[in-house]
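Student: following is a predicted model, sequence given first.
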Amino acid sequence: MTDIPELLSIRPFAVVAHRGASGYEPENTLRALKRAIEVGADMVEVDVRLSKDGVPVIMHDETLDRTTDGSGRVSDYTVEQLRMLDAGLGEKIPLLSEVLDLVKGKVGLLLELKEVEASRPSLKIVEEKDMVNQVMFISFHREALESIARARVDAFRGLIYARPGDHLVAAKRMRCIAVAPYYRLATARAIGFAHRLRLKVNVWTIDDLKTARIMAERGVDAITTNKPDLMISLREELSKR
């Protein structure tokens, strides 16, 4: 089962590995994604940006300094130059195409568009890999999600947010299927409203069982975590009740 709507219907909640199993491996690397798949995550989440020559690569920050042995802006380097860097434990910065090849037929992929310009090139590769149903495009940038919708109306989309606002209504208006609030904004009332709008709720980022239990009790549809094994154990425990 890799179709996004089916994965978001897993009960009591689906487990999303944040930047792979990044609590244990270098974030946004193939190694972290493989670890997440091995421990049984339902979906993995990665961040995409464009290289100087327009290739979608997996990187959270605008700059290279925090997670690689390079420095400066990702967009100032060609993909060939980026591939020479160490992203942790000898891992290379992955191409989006590599990530898609790795996860195909195994887990769902939440692809966070870190910049609007990455939208169409990323969609093109997803289409070429015939993986539209296995991917959900997510972003803080509404323009990025609207760009995806204009190009491919049936591509799954989710709106991320970290501050109060009209996000639920906006997500519904943009025909998203999900929202991804920072977990402190996921009140029982907000979750209930989202569900009445037929939006799935994926909260981020939770690594402790106490908070995860509260979110599960409130009825979230997915929990994004750096430690997918921990959330899988909780789900198994709750499923036995």
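Tutor: It's in. Residues are numbered from 1 along each chain as shown.
Student: what's the longest helix in the chain?
Tutor: helix 228-239 (DSSP state H).
Student: helices along this protein, start to end?
Tutor: Under DSSP H, the chain gives helices at 4-7, 30-39, 79-82, 96-103, 119-128, 142-151, 167-173, 188-196, 209-218, 228-239.
Student: can you give me the buried ones in the longest helix of the chain?
Tutor: Pro228, Asp229, Leu230, Met231, Ile232, Leu234, Arg235 (16 or more other C-beta atoms under 10 Å). Backbone N, C-alpha and C define where each C-beta goes, glycine included.
Student: so how far is that helix from its chain's centroid?
Tutor: Mean-position distance between helix 228-239 and its chain equals 19 Å (C-alpha atoms, centre = their mean, to the nearest Å).
Student: likewise stretch 234-241?
Tutor: A distance of 24 Å separates the centroid of the chain from that of stretch 234-241, by C-alpha atoms, centre = their mean.
Student: also stretch 214-231?
Tutor: Mean-position distance between stretch 214-231 and its chain equals 14 Å (C-alpha atoms, centre = their mean).
Student: could you give the mean pLDDT of that stretch?
Tutor: The pLDDT scores in stretch 214-231 average 99.
Student: do stretch 49-66 as well
Tutor: Taken as a whole, stretch 49-66 has an average pLDDT of 99.
Student: using PDB, write out every CA atom in that stretch.
Tutor: Taking Å, rounded to 0.1, in the frame of the first residue of the first chain, the C-alpha atoms of stretch 49-66 are listed here in PDB:
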ATOM      1  CA  ARG A  49      15.500  22.600  -3.700                       C
ATOM      2  CA  LEU A  50      17.000  23.400  -7.000                       C
ATOM      3  CA  SER A  51      20.700  23.300  -7.800                       C
ATOM      4  CA  LYS A  52      22.300  26.200  -9.800                       C
ATOM      5  CA  ASP A  53      21.600  24.200 -13.000                       C
ATOM      6  CA  GLY A  54      18.000  23.500 -12.100                       C
ATOM      7  CA  VAL A  55      18.100  19.900 -10.800                       C
ATOM      8  CA  PRO A  56      15.900  19.000  -7.800                       C
ATOM      9  CA  VAL A  57      18.100  17.900  -4.900                       C
ATOM     10  CA  ILE A  58      17.300  17.000  -1.300                       C
ATOM     11  CA  MET A  59      18.300  19.600   1.200                       C
ATOM     12  CA  HIS A  60      16.400  21.400   4.000                       C
ATOM     13  CA  ASP A  61      18.400  24.500   4.500                       C
ATOM     14  CA  GLU A  62      18.900  27.300   2.000                       C
ATOM     15  CA  THR A  63      22.600  26.900   2.800                       C
ATOM     16  CA  LEU A  64      24.900  23.900   3.000                       C
ATOM     17  CA  ASP A  65      26.700  24.800   6.200                       C
ATOM     18  CA  ARG A  66      24.700  22.900   8.800                       C
END
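Student: contacts for that stretch next, please.
Tutor: 19, 27-29, 46-48, 67, 70-79, 81-82, 85, 93-97, 99, 114-115, 117-118, 121-122, 125 (C-beta atoms under 8 Å, 6 or more residues apart in numbering).
Student: of those, buried ones?
Tutor: 19, 27-29, 46-48, 67, 70, 74, 77, 79, 82, 85, 93-96, 99, 114-115, 117-118, 122, 125.
Student: shouldn't Thr29 be in contact with Glu91?
Tutor: Yes: between Thr29 and Glu91 a contact is recorded at 3.9 Å, counting by C-beta atoms under 8 Å.
Student: any common contacting residues for these two?
Tutor: Counting by C-beta under 8 Å, 6+ apart, Thr29 and Glu91 have no contacts in common.
Student: circling back to that earlier point, in strands, which of the buried ones among the contacts of stretch 49-66 appear?
Tutor: Counting by DSSP state E, the part of those found in strands is Val46, Asp47, Val48.
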